[in-house]
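Colleague: give the three-dimensional model of this entry:
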Amino acid sequence: MPKLKTKSGVKKRFKLTATGLLKHGVAGKRHRLMSHNSKYIRQNRGTKLLSKADTATVKAWAPYGLG
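Modeller: A predicted model of the protein is given here:
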């Protein structure tokens, strides 16, 4: 069997936590921030955890894990 390839976007955008969850950056924080209020900007600081349903899909795109 040939080796499976990892999707290159997944390598760049996600990190695996020790408990098997996926961390990702928050969308909507690059430009045009004046249209967002300060509560939105403050709450979306840092990284978030991916939902359980999306985690299964993303892990399928990285067959040998991330990291």
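
Colleague: Three-state assignment for residue 3, please.
Modeller: coil (DSSP: H, G, I helix; E, B strand; the rest coil).

Colleague: tell me how many other residues crowd it.
Modeller: Residue neighbour count, defined by other Cβ atoms under 10 Å, stands at 7 for residue 3. Where C-beta positions appear, they are placed from N, C-alpha and C, glycine not excepted.

Colleague: for residue 31, see how far away it is.
Modeller: Taking Cβ to Cβ, to the nearest Å as the measure, residue 3 falls 38 Å from residue 31.

Colleague: which positions in the longest helix anywhere in the chain come out as buried?
Modeller: When the chain is parsed with DSSP state H, its longest helix is helix 52-61. Residues of helix 52-61 classed as buried under the neighbour-count rule (16 or more other Cβ atoms under 10 Å) are 55, 58-59, 61.

Colleague: grab the most central residue of the protein for me.
Modeller: residue 24 (2.7 Å; Cα atoms, centre = their mean).

Colleague: pull out the buried positions in the strand or helix carrying it.
Modeller: Using DSSP states H and E, residue 24 sits within strand 22-25. Residues of strand 22-25 classed as buried: residue 22 (neighbour count, 16+ other Cβ under 10 Å).
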